[in-house]
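Participant: Dropping a prediction and its sequence here:
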Amino acid sequence: MKLKYIAGPGKATIFALSILFFLMIPAVGMVDYLTGPAITFALVYLIPVAAIAWLNVRLTTTVLASILTAVTWIIVDHFSDRFSLNIVVYSWNFFSRLSILLIVSIALSFLKQSLLDAHNLLRRDPLTNALNIRGFKELAEREIYRSTRSGNALTIAFLDVDDFKAINDTFGHNAGDMLLAAIVETLILNLRQSDLVGRVGGDEFVILFPDTGQDVAKATAAKIRMILMENTAKLNFPVTFSMGVLTCIQPSMSLDAMIGMVDKLMYSVKTSSKNNIVFSVYPEPP
């Protein structure tokens, strides 16, 4: 499942910074050559490699930067006459430096990935792998801010599983957990990567659709509800789904206010017929 949990530099920014640090490698070599053997540049050679390793989780990029740095370093030594032309000396220095660069860069890459994993665990529901309320609010508030600046509408939906308690009472809590995990998996597989899915209660979920007007929201909500009904029926779970969907044409209210409004919409379905969707727009058109 592809989930967007934490926001960081965009791909374009990472690519541009990576190119900049790759260009820094021969620049460091040139300065090393011009300053002569009196000043060691061992630490300076590590700077662009470490920066590239921290920016890029992909090990191939990290390894490439390390190799380029080791090659640049040995070329500078050769043209600066810092050691003899003995191939053994060349080989030893090259592989020693390459090993140090690889150890440092790979260690940084693993450290960065570990920090990302720990950061995401704090914002993820361990049962369903959806965002928890903390993670959902963090990302949703950024989307609201972006929509406010761009003027694009966004939609938020509140989803509740009808008669979920009966599943736990009849089939046991393990079956209920399996149902919740299947619901989130279905949502993720049938939504855009930019959409956010959060679990805010036992059997309650909130979904944010960035850059989504009411017409698209209606079609998407109906499609999602239909797919959920089909998938839960295949698993022999006799449940239905109640949804409230709120489209904010001008996202000027807070996220908590949005969740409160869409929760009331969903509750109006629960207290009437259940198994339905109610839509609303904010602000209401004149």
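Facilitator: It's in.
Participant: So which elements touch the helix or strand bottoming out on mean pLDDT in the chain?
Facilitator: Least confident element among the helices and strands of the chain, by mean pLDDT, DSSP states H and E: helix 87-121 (a mean of 85). Counting contacts by 3 or more Cβ pairs under 8 Å, 6 or more residues apart in numbering; DSSP states H and E, helix 87-121 packs against helix 42-55, helix 59-79. For every residue, glycine as well, the C-beta is placed using N, CA and C.
Participant: Could you list the low-pLDDT ranges of the chain?
Facilitator: The chain contains residues with pLDDT under 70 at 1-10, 57, 83-85, 120-121, 285-286.
Participant: For it, which segments are assigned as helices?
Facilitator: In the chain, the helices defined using DSSP state H lie at 11-35, 42-55, 59-79, 87-121, 133-150, 164-171, 173-190, 214-234, 255-270.
Participant: Now do the buried residues in the shortest one.
Facilitator: Spelled out, it's helix 164-171. 164, 167, 168 (16 or more other Cβ atoms under 10 Å).
Participant: and it with helix 173-190, angle?
Facilitator: Orientation of helix 164-171 against helix 173-190 (axes from the mean of the first three to the mean of the last three Cα atoms, to 10 degrees) gives an angle of 130 degrees.
Participant: show me what contacts residue 252?
Facilitator: Applying Cβ atoms under 8 Å, 6 or more residues apart in numbering to residue 252 gives the contacts residue 148.
Participant: Could I get the helices of the chain in TSV, plus columns for distance to residue 206?
Facilitator: TSV is the format used below for the helices of the chain (distance: least, Cβ to Cβ, whole Å):
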stretch	distance to residue 206
helix 11-35	27
helix 42-55	32
helix 59-79	36
helix 87-121	18
helix 133-150	6
helix 164-171	16
helix 173-190	11
helix 214-234	13
helix 255-270	6
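Participant: Other residues contacting stretch 82-96?
Facilitator: Where contact means Cβ under 8 Å, 6+ apart, the residues beyond stretch 82-96 that reach it are 37, 70, 71, 74, 77, 78.
Participant: returning to that earlier point: how about a markdown table for the buried residues of helix 164-171, with distance to residue 238 added?
Facilitator: Compiled in a markdown table, these are given as follows (distance: Cβ to Cβ, whole Å):
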| residue | distance to residue 238 |
| --- | --- |
| 164 | 11 |
| 167 | 8 |
| 168 | 13 |
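Participant: Show me the protein divided up by domain.
Facilitator: The record's domain split for the chain, according to automatic domain parsing, is 11-121, 133-282.
Participant: Not counting sequence-adjacent ones, nearest residue to residue 258?
Facilitator: residue 156 (5.1 Å; Cβ to Cβ, 6 or more residues apart in numbering).
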